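> For reference, the sequence and a predicted model appear below.
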Protein chains: 2
Amino acid sequence: MEKNVKEWMERNKEYGIELLQKLVTCDSVQGNEAYVQDIVEAELKQLELQVDRFVPGEETTSHPFFCANRTDFSDSPNVVGVRRGTGGGRSLILNGHVDVVPPGKREDWTSDPYSGEVKDGKLYGRGSTDMKGGNTSMLLALKCLKELGISLKGDLIFESVVEEESGGTGTLSTIQRNYKADAALIPEPTNLKVFPKQQGSMWFRLRINGQSAHGGTRYEGVSALEKSLIVINAIQALERNRNQKINDPLYKEIPIPVPINLGTIKGGDWPSSVPDQITIEGRMGVIPGETLEDAKEEMASALNAIDDEWLKKHPVELEWFGARWLPGEVPVEHPLLAILQRNYKKSAGEEIQIEASPWGTDGGLLTELADTPSLIFGPGETALAHYSNEYVDIDKMMLVAEIYVHTIIEWCGQA
Amino acid sequence: MEKNVKEWMERNKEYGIELLQKLVTCDSVQGNEAYVQDIVEAELKQLELQVDRFVPGEETTSHPFFCANRTDFSDSPNVVGVRRGTGGGRSLILNGHVDVVPPGKREDWTSDPYSGEVKDGKLYGRGSTDMKGGNTSMLLALKCLKELGISLKGDLIFESVVEEESGGTGTLSTIQRNYKADAALIPEPTNLKVFPKQQGSMWFRLRINGQSAHGGTRYEGVSALEKSLIVINAIQALERNRNQKINDPLYKEIPIPVPINLGTIKGGDWPSSVPDQITIEGRMGVIPGETLEDAKEEMASALNAIDDEWLKKHPVELEWFGARWLPGEVPVEHPLLAILQRNYKKSAGEEIQIEASPWGTDGGLLTELADTPSLIFGPGETALAHYSNEYVDIDKMMLVAEIYVHTIIEWCGQA
């Protein structure tokens, strides 16, 4: 079996590259996922899965865990494919998102951000690492199972979801449509590590108010930008304090286990005027085991504690908006982790590294809301997610496909 | 004569208020000045001045001192009115701009930013202080001269110009059309002080580059926002150093004689990504006597001297764009200053305060380029320029009109 799977992977490497190129050349940013889902749907139909295509609707946008910048998902369908088992086995969800973050500055990319170009064994493009390379590993695993004629006892559910990058609306709606399983695998870019714990996160917006004046008499006003520097310092101190508290060994290799990222800033409307308002948007990591409410409370307290006369009278406005990912935890004793560990060692020839995830994934929703313990394990480079010249190593993608095949067989049971 | 003028002003206070209301209710931001100029033109025609209406054209946009964000001024006409003297006297330009800066946040205003509402002797609205109140003082002075039948030896040139707020294109084009004089008065908001020296200024843009990464592993990237904090510190230090060098007594009451204002900031495109570029726009004050080139050089050196490994490899990009005002200087011994001082004392009953201007005005162009020494003296509140709830004190506006009448008569000579 091991030899068969390995040989199948060698034969199908070119197929995998072409499939990934088809996915990467789709600029499937938020609101533009339909075309890439057409490709996924066609692939699933060829693999003879039962396909279910649907858009998140009102039942999702009214759910208490719904959290997005939009409520219209008409061009953002989920595609789910089910491979029914013969019965008596454990079911498994394979979940991957198809939305990508915007590519950023064009000049930071050596070629087109959606090129899908292959160079030195790497396939380049926005979404290659996060996480269309991982999705391709899963699709290859399904194809291998089919072509090698392997029948499973447990159900296998492949979920190609939208909107992970801003809060998990896609996966939330699959849960509401009753897609649950005994466990889930998510090939987010872990760089071949496995993440049984994952950081949650939430987006926040800060509004810092000043008082406008002519720039030539700027001392007559109060610069919202100068006040923002004080606020940024307070956020940086909060990040330090929160991370000093964390002593989970799964985080010991991670420089900042649960970061607070300041992602955007905008303010002022005239070079010669003192800016009267600055808006900062960011992402606060939530520690596994911590509630979203506790994390929010820490942020609010840190802002309230700022010792500045102006800011005491004109407090920073804090708003939680847009994306939110639940933190998630699967005990390290979970049997799927042991299976994955064993199969990783067999295929990769070394021990798998177990760490805590530096970001939230849809695994938080699956674990916490659908009672489906989720492990994150994928081929992408963690450091390249949301980064220019993003790529995925093709051999790693094929290796993950191979490990998925064995893990699926062992978890679901061969019929 | 003094009594006649004072009585005329009392009789025409209501007229002045209504005229200023007509001007303030026009939202004459950049590119939208035609309507307010219609009002000015009608007024000048009633006053029987020769009216010249023209838009800055290619001869202006190709001038080395041209400096604006646009080259199309088709909806931004200048209006100049000339009152020819009988001969043998000194000529005088009265110059005021009609463009206003944007009003900023609506909620900072207690009523509509363009209301022209009168309350407790103050007329409110964007542009009331900067500088339609001053323009109204000049128009009232012209009306008073006409209605009291005062004939002058020297020419009087009234200039209602566009685009002062971003670099003086309006006044530049009047100079190219050969409007020059023996001196000029500009009623910018000096709060009844007179400014024989004026700060120049230039707009700059800084681009600070970082390296993007996912916010959950933000330590894999380089935050352009964190690097911006270092750059902002360097700019603040540069401002302190430049101002410590200034020991001109005209600046002694001014907290920061020649400020560097950081007016806008913008960067990052996703809350969960490390921002890879931040753009800051600002205004650098230029010291009277300093050349624009010297000031630019100081800014460039300060940025180059920043001691940060990343910024040494990825230097801050510095660009000079948009608006630029020349610094200007009229010697304190200039005869127009003595005349203004004397007439101020007679009408206001106290000594006029002489200071250096905290901002550039079109007087820089007139003084340096048209050999027309310019004094700045107006009714508006300096602190309210570019500020919410901007207003002008109506009695001050009438007082300036009265002082302008006497100063014009004495400078141009009564025929």
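Everything's here; your move.
> I figured residue A:298 hits residue A:238, correct?
Yes: between residue A:298 and residue A:238 there is a contact at 6.8 Å, judged by CB atoms under 8 Å. All C-beta atoms are positioned from the backbone trio N, CA, C, and that covers glycine.
> How is chain A partitioned into domains?
Domains of chain A are assigned by automatic domain parsing as A:2-198+A:327-412, A:201-321.
> what about residue A:399, helix or strand, and which?
helix A:394-412 (DSSP states H and E).
> Residue A:84 touches residue A:155, doesn't it?
Yes: in terms of CB under 8 Å, residue A:84 counts as a neighbour of residue A:155; the distance is 5.7 Å.
> Look at these two and report which has more neighbours.
residue A:155 (20 against 13; other CB atoms under 10 Å in any protein chain shown).
> residue contacts, the more buried one?
A:82, A:83, A:84, A:85, A:89, A:91, A:92, A:181, A:412 (CB atoms under 8 Å, 6 or more residues apart in numbering or on different chains).
> hang on, isn't the fourth one packed against residue A:150?
No: the pair residue A:85 and residue A:150 fails to qualify as a contact (CB under 8 Å) at a distance of 11.3 Å.
> Now list whatever residues contact both of those two.
Joint contacts of residue A:85 and residue A:150 (CB under 8 Å, 6+ apart) do not exist.
> Residue numbers of the stretch 251-400 of chain A in contact with chain B?
Residues of the stretch 251-400 of chain A found near chain B (CB under 8 Å from any CB of the partner chain) are A:255-256, A:259, A:261-278, A:281-283, A:285, A:322-323, A:357-360, A:382-383, A:385-388.
> Can I get the buried part of those as one ChimeraX selection?
Buried subset of those, written as a ChimeraX selection, criterion 16 or more other CB atoms under 10 Å in any protein chain shown:
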select /A:256,259,261,262,263,264,265,267,268,269,270,271,272,273,274,275,276,277,278,281,282,283,285,322,323,357,358,359,360,382,383,385,386,387,388
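> thinking again about what came up before, among the contacts of residue A:155, name the ones in helices.
residue A:412 (DSSP state H).
> tell me the two of the contacts of residue A:155 that are most distant?
A:82 and A:89 (14.0 Å; CB to CB).
> Now stretch A:171-189: buried residues?
A:171-176, A:179-189.
> Could you tell me the end-to-end distance of it?
Using CA to CA, to the nearest Å, one end of stretch A:171-189 lies 18 Å from the other.
> average pLDDT across that stretch?
Averaged across stretch A:171-189, pLDDT comes to 98.
> Kindly report the same for stretch A:395-411.
98.
> Quick check: which helices or strands does the helix holding residue A:399 pack against?
Applying 3 or more CB pairs under 8 Å, 6 or more residues apart in numbering or on different chains; DSSP states H and E, we find helix A:394-412 packed against helix A:2-11, helix A:13-24, strand A:92-97, strand A:122-124, helix A:133-147, strand A:183-186, helix A:335-348.
> How far does that helix sit from its chain's centre?
Remark: helix A:394-412 is offset 20 Å from the chain centroid, using CA atoms, centre = their mean, to the nearest Å.
> For chain B, what is the nearest residue in the stretch 301-415 of chain A?
In the stretch 301-415 of chain A, the residue that lies nearest chain B is residue A:359 (3.0 Å; CB to the nearest CB).
> how close does the closest residue in space to that residue that isn't next to it in sequence get to residue A:256?
Using CB to CB, 6 or more residues apart in numbering or on different chains and skipping the chain neighbours, the partner closest in space to residue A:359 is residue B:216 (3.0 Å). Applying CB to CB, to the nearest Å, the value for residue B:216 to residue A:256 is 9 Å.
> Got the phi and psi for the closest residue in space to residue A:180 that isn't next to it in sequence?
Among residues not flanking residue A:180 along the chain, residue A:370 sits closest, at 4.5 Å (CB to CB, 6+ apart). With angles defined as degrees, to the nearest 10, residue A:370 shows backbone torsions of phi -110, psi 10.
> same check, this time on residue A:304
phi -60, psi -30.
> In this structure it contacts residue A:315, no?
Yes: Residue A:304 is within contact range of residue A:315, at 7.1 Å (criterion: CB under 8 Å).
> State whether residue A:284 is indeed within a helix.
No: per DSSP: H, G, I helix; E, B strand; the rest coil, residue A:284 lies outside any helix segment and is strand.
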